[in-house]
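Student: Sequence first, predicted coordinates after that:
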Amino acid sequence: MSERRARALIWLFAAAAALSLVASLMIGSVRLNPVAVVAALLKPGDQSLSSAILALRLPRAVTALAVGGLLALSGSVLQALLRNPLADPYVLGISGGAACAAMLAIAAGAGVFATHCAGVAGALAALAVLFLLARRALFGAEHLSGDSPSSSMLLVGVMMASFAAAALSLALSLAPAGRLRPMVFWLLGDLSGALDPVAAWTSLAVLAICGWSAARDAAALNLMMRGDLQAFTQGVHVDRVRRRLVIVASIATGWAVALAGAIGFVGFVAPHLARFAVGNDQRRTLPASVLIGSVLLALGDLAARTVAAPAQLPVGVLTVMIGVPLFLWQLRRQ
Amino acid sequence: MNAPMIEVKDLALRAGARDLVRELSIQVAVGERWVVVGPNGSGKSTLLGALAGARRPQAGTIRIAGRAVDHCGVQELAALRALVNDRWLDPFSASVLDTVLTARYRFGAEPGGHDAALAALRRMDCMDLAQRDVRGLSRGERQRVAIATALAQDAPVLLLDEPTSHQDPGHQAWVLDRLAGRDDQTVVAVLHDINAAARFATHVLLLSGAGWWRAGTRRDVLTAAALSTLFGARIDVTAAGHTEVFFIGQDG
């Protein structure tokens, strides 16, 4: 993989993300042409019909891009950190923790921002439990012995994810019948509630901050993928970098889950596609993964609200349906 | 005499409740090649870990180039010593060149990294592997790439934990001769093959794993009598031309 080709591909993915944003704004019950979309984007607040439609579609489209990017970032960081292509915020129970906390916040009647914060807090709490239980493997006397701590951490994560899933099922089975349908929708992953422009732009800012923070540690992550002891002898603050990246991953996951529910496959498949496209140098894999995740979720949400219109499908179902064939195709190519 | 490159003073290492070594004091001068010899579980890798600054000893101090390793920053340590063991992990595919380039991390974004990595690969006779995927290498090839990675770190001290465990006899001798070829490189290596140790070492450290140790020049320390005691097996030596060959003797 030449560096020039990788860089070109990353620009290509950025262009695809921009295009998928424009497409999300164009397509819907009323179709806009691209000129009108761009004109309305450049001149917000005028009285045209396209501006009015844009005000409805823009928050959802931006949220889709941000949530896709956040999930992909989290998955990408965790896969490299745990040296395991099966790692994913869902597998590790981080999403489960976020979902439990966010659902509790919703049940308690919390506002939008409080729900997001609850999601992040839930993700961090899940992570704290994970680290506490896997502490021996991560921080014990032997943690620099060169053995990988990831297998025991993965096992603990799988157990926590199962527990969170059971807790959510319990909440569902106890919920009154009238609230069931929106709750299920939210559990499957749904962006139809993303109408708040402030939340949308804030999410994009969260993605930018998380992405910037992870990018700073990308070179160190390249070394840590090959073993903690090795990375330490080569000059990496292994514990420090891991702590930072784990916090970034849980903020990204918590925010995404609180905003859009349990959309599972993006964080799993986007890093795979990114690795396939630009290789395993995390300095390129991370940005590529974020952009691919954004595109996947933007297109997935576009399909979710148009395929069976006027009915809306949960986007979490569609991302899996788009992601699985892509994943299998990639697996066959390798 | 110059100041020692590595200075170990009153070092104690413990594994659980077991004393591996007590009051170990050695001085390793620039360019010396020390081989640590001892039975399984005697603390050879633990000692290398302590020398690398990855494991805190129970007592004593370790200095590399005059700097106490437990007071060194991670980056500073990386400039002092490189470590090779056989626990490399390749969870995702990557080219051999990219793997060797990880050793240049401590230099940040520097232009000369590629050349240094290629030079290290050349020293280990791995130039033709540069663009191959590390996951497709044989264990012997992967081990030479691991050694090349350590060489690319450009550290004055090399710590080698069984660096030739996956090499065929020809490559074992070749790799060790290559590593012995530089007078400015100080090496501490763990080797299980006594004859390879005898060929490579300028000095030898015997570790019993029960606190007892003995250190000195190869000629003084690496004797059939000392090795027999150390391993609890009868080890004989015979002359073959200019070299001595150790072998496990027959009792009775």
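Tutor: Nice, thanks for sending it over.

Student: Going by C-alpha atoms from here, please, whenever you check contacts or count neighbours.
Tutor: Will do.

Student: OK, contacts around residue 119?
Tutor: Picked chain A for this. A:Gly119 is in contact with A:97-102, A:254-255, A:257-258, counting by Cα atoms under 8 Å, 6 or more residues apart in numbering or on different chains.

Student: ah, no, chain B please
Tutor: By Cα under 8 Å, 6+ apart, the contact set of B:Ala119 is B:Ala152.

Student: so who does the residue nearest to A:Ala6 when sequence neighbours are not counted touch?
Tutor: Closest residue in space to A:Ala6, ignoring its immediate chain neighbours: A:Val278 at 5.0 Å, by Cα to Cα, 6 or more residues apart in numbering or on different chains. For A:Val278, the contacting residues are A:1, A:5-6, A:9, A:284-285, A:288, by Cα under 8 Å, 6+ apart.

Student: How about A:Asn33?
Tutor: Per Cα under 8 Å, 6+ apart, neighbours of A:Asn33: A:Met26.

Student: so which strand or helix has B:Leu89?
Tutor: Here B:Leu89, judged by DSSP states H and E, is contained in no helix and no strand.

Student: and if you look at B:Leu176?
Tutor: Element membership for B:Leu176 (DSSP H and E) is helix B:169-179.

Student: Quick one: distance of the one helix or strand A:Ser169 maps to to the chain centre.
Tutor: A:Ser169 is located in helix A:150-174, with elements delineated by DSSP H and E. Centroid separation for helix A:150-174 versus its chain: 18 Å, with Cα atoms, centre = their mean, to the nearest Å.

Student: what sits up against it?
Tutor: So helix A:150-174 is contacted by A:82-84, A:87, A:90-97, A:99-100, A:126, A:130-131, A:133-134, A:137, A:180, A:183-184 (Cα under 8 Å, 6+ apart).

Student: got a list of what A:Ala249 touches?
Tutor: By Cα under 8 Å, 6+ apart, A:Ala249 lies in contact with A:73-75, A:77-78, A:89, A:210.

Student: Rebuild the residues you listed as JSON lines, extending it with neighbour count and distance to chain B.
Tutor: JSON lines is the format used below for the contacts of A:Ala249 (neighbours: other Cα atoms under 10 Å in any protein chain shown; distance: Cα to the nearest Cα, whole Å):
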{"residue": "A:Leu73", "neighbour count": "35", "distance to chain B": "17"}
{"residue": "A:Ser74", "neighbour count": "34", "distance to chain B": "17"}
{"residue": "A:Gly75", "neighbour count": "35", "distance to chain B": "15"}
{"residue": "A:Val77", "neighbour count": "31", "distance to chain B": "13"}
{"residue": "A:Leu78", "neighbour count": "26", "distance to chain B": "13"}
{"residue": "A:Pro89", "neighbour count": "32", "distance to chain B": "18"}
{"residue": "A:Cys210", "neighbour count": "21", "distance to chain B": "22"}
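
Student: Farthest pair within the residues you listed?
Tutor: With Cα to Cα as the measure, no two of the contacts of A:Ala249 lie farther apart than A:Pro89 and A:Cys210, at 14.9 Å.

Student: So, low pLDDT: which residues of chain B?
Tutor: Scanning chain B for pLDDT under 70 picks out B:1-2, B:251-252.

Student: Around chain A, pick out the residues from it.
Tutor: Counting by Cα under 8 Å from any Cα of the partner chain, the residues of chain B close to chain A are B:49, B:52, B:54-55, B:74-78, B:81-83, B:87-94, B:102-106, B:153.

Student: What subset of these is buried?
Tutor: Using 16 or more other Cα atoms under 10 Å in any protein chain shown as the burial test, the residues of chain B next to chain A include B:49, B:52, B:54-55, B:74-78, B:81-83, B:87-89, B:91-94, B:102-106, B:153 as buried.

Student: What residues does the closest residue to A:Gly254 other than its chain neighbours make contact with?
Tutor: Spatial nearest neighbour of A:Gly254, chain neighbours left out: A:Val120 (3.9 Å); criterion: Cα to Cα, 6+ apart. A:Val120 sits next to A:98, A:250-255, A:258 when contact means Cα under 8 Å, 6+ apart.

Student: Try it again at 10 Å.
Tutor: A:Val120 is in contact with A:94-95, A:97-99, A:101-102, A:114, A:126, A:247, A:250-258, counting by Cα atoms under 10 Å, 6 or more residues apart in numbering or on different chains.

Student: before we move on, what about A:Leu133?
Tutor: By Cα under 10 Å, 6+ apart, the contact list for A:Leu133 reads A:127, A:152-153, A:156-157.

Student: Mind doing that once more with 8 Å?
Tutor: With Cα under 8 Å, 6+ apart, A:Leu133 has these contacts: A:Val156.

Student: can you tell me how far it sits from chain B?
Tutor: Look at A:Leu133 and chain B: by Cα to the nearest Cα, to the nearest Å, they are 22 Å apart.

Student: worst-scoring helix or strand of chain A, pLDDT-wise?
Tutor: Lowest on mean pLDDT, DSSP states H and E among the helices and strands of chain A sits helix A:135-139, with a mean of 54.

Student: Confirm A:Val236 sits in a strand?
Tutor: No. Secondary structure of A:Val236 (DSSP: H, G, I helix; E, B strand; the rest coil): coil, not part of a strand.

Student: That one: how many residues sit nearby?
Tutor: 25 (other Cα atoms under 10 Å in any protein chain shown).

Student: and what of B:Gly41?
Tutor: B:Gly41: 14 surrounding residues under other Cα under 10 Å.

Student: same thing with B:Asp168?
Tutor: 11.

Student: Quick check: phi and psi at it.
Tutor: Main-chain dihedrals, B:Asp168, degrees, to the nearest 10: phi -70, psi 170.

Student: which of the residues in the strand or helix carrying A:Ala126 are buried?
Tutor: In the assignment (DSSP H and E), A:Ala126 maps to helix A:112-133. Within helix A:112-133, the residues that count as buried by 16+ other Cα under 10 Å are A:112, A:115-127, A:129-131.

Student: same deal with stretch A:95-106?
Tutor: A:95-106.

Student: Which members of those are positioned in helices?
Tutor: If you go by DSSP state H, the buried residues of stretch A:95-106 have A:95-106 in helices.

Student: give the contact list for B:Val30.
Tutor: B:Val30 makes contact with B:4-5, B:183-186 under the criterion Cα under 8 Å, 6+ apart.

Student: what about 10 Å?
Tutor: Contacts of B:Val30 by Cα under 10 Å, 6+ apart are B:2-6, B:65, B:156-157, B:183-187.

Student: For the stretch 151-252 of chain B, which segments count as helices?
Tutor: B:169-179, B:194-200, B:218-221, B:224-231 (DSSP state H, counting those that start in this stretch).

Student: helices and strands around the longest one, which ones?
Tutor: It refers to helix B:169-179. Contacting helix B:169-179 under the criterion 3 or more Cα pairs under 10 Å, 6 or more residues apart in numbering or on different chains; DSSP states H and E are the following elements: helix B:113-123, helix B:139-152, helix B:194-200.

Student: likewise the last one?
Tutor: Helices and strands touching helix B:224-231, as assessed by 3+ Cα pairs under 10 Å, 6+ apart, comprise strand B:33-37, strand B:203-207, strand B:235-240, strand B:243-248.

Student: Over to the shortest one?
Tutor: The elements that helix B:218-221 packs onto, with contact taken as 3+ Cα pairs under 10 Å, 6+ apart, are strand B:33-37, helix B:194-200, strand B:203-207.
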